[in-house]
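Q: build me a model:
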Amino acid sequence: MAYSVYGYLFILLNLFQSKEFVCEDTDNSIENLYRTRQYDTVLQEDYVGDLHWEKFKREFNKSYASTIHENKARAVWYENLAAIKHHNSLNHTFQLRENHFSDMTLRQYLRTIVKLVKSEEHTHNETLPEHLRKHDIIIPPEIDWRNSGFKPDIPSQRRCGACYAFTIAHAVQAQLLIAKGVWEPLSEQQIVDCSGHWGNYGCGGGSLRGALRYLEAYGAMSYKDYPYEAKKSKCRWDKRRVRAKVTSWGLSPRGDEAALERAVALLGPIGVSINAAPRTFQLYHSGVYDDHTCSNKSVNHAVLIVGYSRTYWILLNWWGKHWGEKGYMKLKKGHNRCGIANYAAYVVMDDKKI
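A: Residues are numbered from 1 along each chain as shown. Coordinates of the predicted model:
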């Protein structure tokens, strides 16, 4: 595990706090070490000490296996705070903030949270339904499906790589609302437990394609009947409790944000793959995300587009209210930023099933 020079200095300072290094006549609490050894010019004005660390642990329910593990996590947390303050001091279109990922290195975050599995090469038709391609259908310059009643509780996948399940369950839930006027939270856990045959790996990750193919075959149960557990369990699918059936699904043309915009306007919330690799994505808080290092060459996470404006997409993520704008992100439009239009899946519902 790699740390910057500040991280190593932090660990050394903690070692000097241990019993082997205590000097009885010296007040060497970590707070005084921060005050007297202001080695970080970014944070030296906003002193960070024991109280802040304890508050962070309480707020995000953090515990560690040992003092060594906690010291390492605290060093990472401190480095991330420095990165946050440095970023926010510059003229960016978006801001960062401490959240429940702040004690994770980028590598830990990617290995633990971001687990979208690469689908096989596209064999599915990449086009919108014919009636949506007609140019005489004018779409609005901006839309937000939350204003039409799509306001799910902000979910958290926790330490389970289930973004694929959350994305497709919520995409189908949105269609259930739009097509039938029915508000029925659907089960992510069912997809986690039962879609292994379609190439998914439970909490080890999965693909949008695998989740869609599974629901096309078996249908979706309600969240009430099959609640989320954040771990893979034995499949408990019950045909009698299926609440929604996917008749068919399709993909918006790869890389085409205009087609994606049309799909969101005329069909509803759309599930998309995205590149969540940058540290700025990990620590995003507010504003229009426009990190030029967020490549569109690869994707590793899945979210739901719930709307757009003239300049940004509105994304629902699965990382709880402490991430982003209470669970949402605004992402810059027009540059296929983070690969937002690389793999966008829309759903068609079975009119007979409810």
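
Q: show me where the stretch 151-300 of the chain has strands.
A: Taking DSSP state E, counting those that start in this stretch, the strands of the stretch 151-300 of the chain run over residues 220-221, 242-244, 246-251, 270-274, 284-289.

Q: direction included, what does the second one pair against?
A: Right, strand 242-244. As defined by DSSP bridges, the strand partners of strand 242-244 come to strand 220-221 (antiparallel).

Q: average pLDDT for the strand of greatest length in the chain?
A: The residue-count maximum for a strand in the chain (DSSP state E) belongs to strand 301-308. Across strand 301-308, the average pLDDT comes to 98.

Q: list the helices and strands that strand packs on?
A: strand 143-144, helix 163-180, helix 257-267, strand 270-274, strand 312-316 (3 or more C-beta pairs under 8 Å, 6 or more residues apart in numbering; DSSP states H and E). Every residue, glycine included, has its C-beta placed from N, CA and C.

Q: for the longest one, give the mean pLDDT please.
A: Averaging the model's pLDDT scores along helix 163-180 yields 96.

Q: identify each buried residue in it, please.
A: Judged by neighbour count (16 or more other C-beta atoms under 10 Å), helix 163-180 contains these buried residues: 163-179.

Q: now for it, which elements pack on it?
A: helix 188-194, helix 208-218, strand 242-244, strand 270-274, strand 301-308, strand 344-349.

Q: out of the ones you listed, nearest to N71?
A: Smallest distance to N71 across these (C-beta to C-beta): 29.5 Å, for strand 301-308.

Q: could the helices and strands packed on strand 301-308 be laid out in a markdown table, adding distance to W198?
A: Output for the helices and strands packed on strand 301-308, formatted as a markdown table (distance: least, C-beta to C-beta, whole Å):
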| stretch | distance to W198 |
| --- | --- |
| strand 143-144 | 31 |
| helix 163-180 | 10 |
| helix 257-267 | 23 |
| strand 270-274 | 15 |
| strand 312-316 | 23 |
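
Q: I'd like to know which of the ones you listed is closest to C294.
A: In terms of C-beta to C-beta, the element of the helices and strands packed on strand 301-308 nearest to C294 is strand 270-274, at 8.6 Å.

Q: export that closest one as PDB, just CAs?
A: In PDB, the C-alpha atoms belonging to strand 270-274 read as follows (Å, rounded to 0.1, in the frame of the first residue of the first chain):
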ATOM      1  CA  ILE A 270     -31.700   5.000 -18.100                       C
ATOM      2  CA  GLY A 271     -29.100   2.700 -16.700                       C
ATOM      3  CA  VAL A 272     -25.500   3.500 -17.800                       C
ATOM      4  CA  SER A 273     -22.000   2.300 -17.200                       C
ATOM      5  CA  ILE A 274     -19.500   4.900 -16.100                       C
END
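
Q: give me the sheet partners of it and which way each runs.
A: With DSSP bridges as the test, strand 270-274 is paired with strand 301-308 (antiparallel), strand 344-349 (antiparallel).

Q: chain neighbours aside, what residue packs nearest to A276?
A: H301 (3.7 Å; C-beta to C-beta, 6 or more residues apart in numbering).

Q: number of residues surrounding K321?
A: For K321, the neighbour count with other C-beta atoms under 10 Å is 14.

Q: my read is that C163 contacts L315, right?
A: No. With contact defined as C-beta atoms under 8 Å, C163 does not reach L315; the gap is 11.7 Å.
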